[in-house]
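Asker: sequence plus predicted model, see below.
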Amino acid sequence: MTQSGIDTVHVDLGARSYDVRIGRGLVSGAGAEIAPFLHRKRVAIVTDDTVGAAHLGSLIDSLQAEGIEAVSLSLTPGEATKCWSQVTHVVEWLLDQKIERNDIVIAFGGGVIGDLVGFAASILRRGVRFVQIPTSLLAQVDSSVGGKTGINTRHGKNLVGAFHQPTCVLADIDVLGTLKPRDFLAGYGEVVKYGLLGDAAFFEWLEKNAPKAAAGDMEARQYAVRRSVEMKAGIVIRDETEQGDRALLNLGHTFCHALEAATGYSDRLLHGEGVAIGCVLAFELSSRLGLCSQEDPSRVRAHLKEMGMKTDLADIQGDLPSAEVLLDLMGQDKKVVDGQLRFILARGIGDAFVSKDVPKDAVLSVLKDALA
Ligand code: GLY
């Protein structure tokens, strides 16, 4: 941690390297953070109506304090905004604002805004730079770091996009205070994933400290975000375009995507909630395949329960389809390669690996028991 209390995680990707700055007051200090990257003192901000109402004034004030002129566009919040028509809308607006090749676009919001605006920036004038100011826990620990941008189509989620690394990421811990508890906990699903996939000591730390973080302890929040970002950065540096290790970040996601599809991508199940349930199921599957001990899935479930999170299929309101249908939905996941399901399995807490040949029968029996 620096003297100012801001942590910096460097994402070392050669010419595409950048810093993720993590700490308090980064929205009200954004002007000074961004000024060194500007060729002229003008930026375009894209946000959504909820984040804009709560924080846009503070961001614009901090830019103006550095003499930076800011224009802004606010979009409807929600996953439906991550679509082709909004890409057109954002790109045309950026062109109306005469945003040039050397300018910077600011994506100010959660994962939807980060993915959509990053994608718009990647195609505008064949690529302009953008800064991520993620305002949800999920966006701070996952989607704002690593350069995945994109939109959904009628064929599925995130099927169109580009790798386009940001110029910097400003993760302001203060803005997490305006999240609804359910959204904070959904983001926590991605935090706990990092401990489970590669850092048993972090998982132990979370067992002791995550309840404090959820209750509002700023130091605990900052450490949880920093450690998550360090882990993500380490994986992205090794495998920027997901040829291998980056798939580890999908722990719990194959189950999650099937559950999200089964619940119609609705409020019945938020993405991070599906990740949490998916992590429990991935450990169940690993234990059944004799890869990890039977205690591991119980320990994962116990921690998530203590956090007040969904851990089981019974925690999802309403009916779910049969195990066979869920398995079929997994087969439509975009991570399927040559028709084979790729699963992230674990030899224990903090020791995940990519497996390309998981027997379908084992997955089916885990799903059947989870539905029973
Ligand atoms: N959210 C998964 C990844 O960035 O690869």
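Answerer: It's in.

Asker: buried set for the longest helix anywhere in the chain?
Answerer: Ranked by residue count under DSSP state H, the longest helix found in the chain is helix 218-238. Residues 218, 220-237 are the ones in helix 218-238 that count as buried (16 or more other Cβ atoms under 10 Å). Using the backbone N, CA and C atoms, a C-beta is placed for each residue, glycine as well.

Asker: any idea how far it is from the chain center?
Answerer: Relative to its chain's centre, helix 218-238 lies at 12 Å (Cα atoms, centre = their mean, to the nearest Å).

Asker: near the ligand, which residues of the stretch 1-150 of the chain?
Answerer: Residues of the stretch 1-150 of the chain lying close to the ligand (Cβ under 6 Å from any ligand atom) are 142, 146, 148.

Asker: can you rerun that using 8 Å?
Answerer: Proximity of the stretch 1-150 of the chain to the ligand (Cβ under 8 Å from any ligand atom) is limited to residues 142-143, 145-146, 148.

Asker: from those residues, which single one is nearest residue 87?
Answerer: Nearest to residue 87 among these, counting by Cβ to Cβ, is residue 148 at 15.3 Å.

Asker: for the closest one, give me its contacts.
Answerer: The contact partners of residue 148, by Cβ atoms under 8 Å, 6 or more residues apart in numbering, come to 115, 118, 158, 161, 163.

Asker: in CSV: those residues, plus neighbour count.
Answerer: Below are these laid out as CSV (neighbours: other Cβ atoms under 10 Å):
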residue, neighbour count
115, 26
118, 25
158, 17
161, 18
163, 16
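
Asker: and residue 24, what's its pLDDT?
Answerer: What the model reports for residue 24 is a pLDDT of 98.

Asker: my read: it touches residue 4, true?
Answerer: No. Counting by Cβ atoms under 8 Å, residue 24 sits too far from residue 4 to count as a contact (9.2 Å).

Asker: out of the two, which sits in the busier spot?
Answerer: residue 24 (18 against 11; other Cβ atoms under 10 Å).

Asker: need the contact list for the more buried one.
Answerer: For residue 24, the contact set (Cβ under 8 Å, 6+ apart) comprises 5-6, 172-174, 218, 222.

Asker: repeat that for residue 35.
Answerer: By Cβ under 8 Å, 6+ apart, the neighbours of residue 35 are 41, 66, 68.

Asker: between these, identify the one with the most neighbours.
Answerer: residue 68 (20 neighbours).

Asker: can you show me the strands along the chain?
Answerer: Secondary structure of the chain (DSSP state E): strands at 7-11, 18-23, 42-48, 69-75, 104-109, 129-134, 148-153, 156-163, 168-172, 343-346, 352-355.

Asker: helices or strands next to the last one in the packing?
Answerer: With contacts taken as 3 or more Cβ pairs under 8 Å, 6 or more residues apart in numbering; DSSP states H and E, strand 352-355 sits against helix 181-198, strand 343-346.

Asker: paired strands for that strand, with orientation please.
Answerer: Next to strand 352-355 in the sheet, as set by DSSP bridges, lie strand 343-346 (antiparallel).

Asker: ok, the longest one next?
Answerer: In its sheet, strand 156-163 lies beside strand 148-153 (antiparallel), with partners assigned from DSSP bridges.

Asker: angle of the partner strand against strand 104-109?
Answerer: With axes from the mean of the first three to the mean of the last three Cα atoms, to 10 degrees defining the directions, strand 148-153 sits at 60 degrees from strand 104-109.

Asker: only alpha carbons, please: show strand 148-153 as PDB.
Answerer: C-alpha atoms of strand 148-153 as PDB (Å, rounded to 0.1, in the frame of the first residue of the first chain):
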ATOM      1  CA  LYS A 148     -12.400  -8.900 -22.200                       C
ATOM      2  CA  THR A 149     -15.000  -6.600 -23.700                       C
ATOM      3  CA  GLY A 150     -18.200  -7.500 -25.500                       C
ATOM      4  CA  ILE A 151     -22.000  -7.800 -25.800                       C
ATOM      5  CA  ASN A 152     -24.700 -10.500 -25.800                       C
ATOM      6  CA  THR A 153     -26.600 -11.600 -28.900                       C
END
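
Asker: would you map the helices across the protein?
Answerer: Counting by DSSP H, the helices of the chain are 30-34, 49-51, 57-65, 84-96, 111-123, 137-138, 181-198, 200-215, 218-238, 253-262, 271-288, 295-306, 323-330, 360-371.

Asker: looking at those helices, which is buried most?
Answerer: helix 137-138 (a mean of 28; mean count of other Cβ atoms under 10 Å).

Asker: neighbouring contacts of that helix?
Answerer: 110-111, 176, 179, 183-184, 186-191, 225, 271-272.

Asker: would you mark the buried spots in stretch 155-169?
Answerer: 157-158, 160-161, 163-169.

Asker: would you mind putting the CA coordinates of that stretch into CSV?
Answerer: In CSV, the C-alpha atoms belonging to stretch 155-169 read as follows (Å, rounded to 0.1, in the frame of the first residue of the first chain):
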residue,chain,number,x,y,z
HIS,A,155,-27.3,-16.7,-29.6
GLY,A,156,-25.9,-16.2,-26.0
LYS,A,157,-24.0,-14.0,-23.6
ASN,A,158,-20.6,-12.4,-24.5
LEU,A,159,-20.5,-14.1,-27.9
VAL,A,160,-19.3,-10.9,-29.7
GLY,A,161,-16.4,-8.9,-28.4
ALA,A,162,-12.7,-8.1,-28.5
PHE,A,163,-9.7,-8.2,-26.2
HIS,A,164,-9.0,-4.5,-25.6
GLN,A,165,-7.0,-3.7,-22.5
PRO,A,166,-7.8,-0.6,-20.6
THR,A,167,-5.3,2.3,-20.1
CYS,A,168,-5.9,2.1,-16.3
VAL,A,169,-8.5,0.9,-13.9
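
Asker: does it reach the ligand?
Answerer: No. Stretch 155-169 does not reach the ligand (Cβ under 8 Å from any ligand atom); its nearest approach is 9.0 Å.
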